[in-house]
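A.B. asks: I would like to see how this sequence folds:
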Amino acid sequence: MMSHTGEKPFQCDMCDSAFSQKHHLKHHMMTHTGEKPFQCDMCDSAFSQKGHLKSHMRTHTGEKPFQCDMCDSTFSQKGLLKSHMMTHTGEKPFQCDMCDYAFSQKRDLKSHMRTHTGEKPFQCDMCDSTFSQKGLLKSHMMTHTGEKPLQCDMCDYAFSQKRDLKRHMMSHTGEKPFQCDMCDSAFSQKRDLRRHMMTHTGEKPFQCGMCDSAFSRKGDLKRHMMSHTGEKPFQCDMCDSAFSQKHHLKHHMMTHTGEKPFQCDMCDSAFSQKGHLKSHMRTHTGEKPFQCDMCDSAFSQKGLLKSHMMTHTEEKPFQCDMCDSAFSRKDDLKRHMMSHTGEKPFQCDMCDSAFSQKRDLRHHMMTHTGEKPFQCGMCDSAFSLKGRLKRHMMTHTGEKPFQCGMCDSAFSRKGDLKRHMMSHTGEKPFQCDMCDSAFSQKGHLKSHMRTHTGEKPFQCDMCDSAFS
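C.D. replies: Below you'll find the predicted structure:
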């Protein structure tokens, strides 16, 4: 009758709890005393109530006597079945009084409340990390133990959490259940869709406190902060290189292994990074998606556009520390440094010539093969270099873009203007080391040297005369 009247005559003298039945009070008292008289004989677990031991034993036997009558699911405890039924009915009786969230289970509401209070009662005993849920602590512990009990049965990947395995499986099935309702993009993970939506809204909620940069993802902000701190936590164990991001280290490792997993299906080229393959494909398609907004130039790569923009701004941030030269690109500085060191790593395998730049070797090889791929469209001339064809075209057009600032002379080549300027300045940088003569052009010095050597390489083919 007390269940009808609500009467609870059995009062706990250690707290405010009260019970309608004496044995309920008896069980409750064990929460104060810590007494657990019901011991599992298959493991070290112990319980304050016999029913709890009975439920626990099913974890050993695998018994699941509680069957859902709406699907094939079975459960070891009646309470688990009751909670499961709410997934069919959609019932969520436990309402958060601080926001609109509602839950089918009381414990889920309890965990959720910690997002409002900030409470993190579950402490890792191996580091300072704390968590709002016991399950999160359990998952975290695997980062210390390295345990990954959930194995993918389609590849060698293993995971510490079931949800991570579930997401990974979509990489095999190609399943993308999260569809963007503003474009055709679809994603295998809800969080990826959420991040993608920011590309439509322009939202960047993660603001850098040291500069004006803002990001749509917390991880991007975290990586950006390393550009301020200089932190590089990912160390290569084969050389001294270190990186601020894990995937940069992964790509770097391929320089040691020589691995190039991304193969072009239109030629034999292969690449260590997917982005490099994507850029390379544009050499086949001719696509140039990066447009300069100051002129009509377009480029196949973003980096090329960035370098090109410096021709408008005349910015040259890469300074040589051995001379006054400065460059708009790091690669140009690197190549320039070889003019100081004399390094020529690119060796011709058909003669003794060596070059500081790969492209110079490639051009040189054409002197062996006779290849001249750049054909003039106005005459029969052909050239091994594109620049030479460009200069040649000026003989047809009469164009002379290099104007002397001291007289009316104009030239089709920059080098010709440079040599001409010496006629104004009187500069003669090419000095004969056998007499005091000096010349403004290297070719003139070369001709002069024959007056010392007596060399006469130019032979008349109609008589025996020869000339220097």
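
A.B. asks: For the protein, spot the helix or strand the model is least confident about on average.
C.D. replies: Evaluated with mean pLDDT, DSSP states H and E, the helix-and-strand set of the chain has its lowest mean pLDDT in helix 2-5, which scores a mean of 66.

A.B. asks: Toward the C-terminus, what is the element adjacent to that helix?
C.D. replies: Sequence order places strand 10-11 as the next helix or strand after helix 2-5, per DSSP states H and E.

A.B. asks: list the helices and strands that following strand packs on?
C.D. replies: Strand 10-11 is packed against strand 18-19, helix 22-33, with contacts defined by 3 or more CB pairs under 8 Å, 6 or more residues apart in numbering; DSSP states H and E. Where C-beta positions appear, they are placed from N, C-alpha and C, glycine not excepted.

A.B. asks: now for the shortest one, which elements pack on it?
C.D. replies: The one in question is strand 18-19. For strand 18-19, the helices and strands in contact under the criterion 3+ CB pairs under 8 Å, 6+ apart are strand 10-11.

A.B. asks: pLDDT of the strand it packs on, averaged?
C.D. replies: In this model, strand 10-11 has a mean pLDDT of 88.

A.B. asks: Ok, stretch 25-35 next?
C.D. replies: When the per-residue pLDDT values of stretch 25-35 are averaged, the result is 84.

A.B. asks: For the closest residue to residue 46 other than its chain neighbours, grab the count of nearby residues.
C.D. replies: If the residues on either side of it in the chain are set aside, residue 46 comes closest to residue 36, at 3.8 Å by CB to CB, 6 or more residues apart in numbering. By other CB atoms under 10 Å, 14 other residues sit near residue 36.

A.B. asks: hmm, back to that, of the helices and strands packed on strand 10-11, which approaches residue 186 most closely?
C.D. replies: Closest approach to residue 186 among these (CB to CB): helix 22-33, 50.0 Å.

A.B. asks: tell me which residues in the closest one are buried?
C.D. replies: Of the residues in helix 22-33, those with enough neighbours to count as buried (16 or more other CB atoms under 10 Å) are 25, 27-29.

A.B. asks: Could you list every helix and strand that that helix packs against?
C.D. replies: With contacts defined as 3+ CB pairs under 8 Å, 6+ apart, the packing partners of helix 22-33 are strand 10-11.

A.B. asks: Now do the strand it packs on: distance to the chain's middle.
C.D. replies: For strand 10-11, the gap between its own C-alpha mean and the chain's C-alpha mean amounts to 64 Å (CA atoms, centre = their mean, to the nearest Å).

A.B. asks: ok, it: who's next to it in the sheet?
C.D. replies: In its sheet, strand 10-11 lies beside strand 18-19 (antiparallel), with partners assigned from DSSP bridges.

A.B. asks: can you list contacts of the strand it pairs with?
C.D. replies: Strand 18-19 has contacts (CB atoms under 8 Å, 6 or more residues apart in numbering) with 8-12, 25, 28.

A.B. asks: Likewise for stretch 392-407?
C.D. replies: By CB under 8 Å, 6+ apart, the surrounding residues in contact with stretch 392-407 are 376, 378-379, 381, 383, 409-414, 416-417, 420-421, 424.
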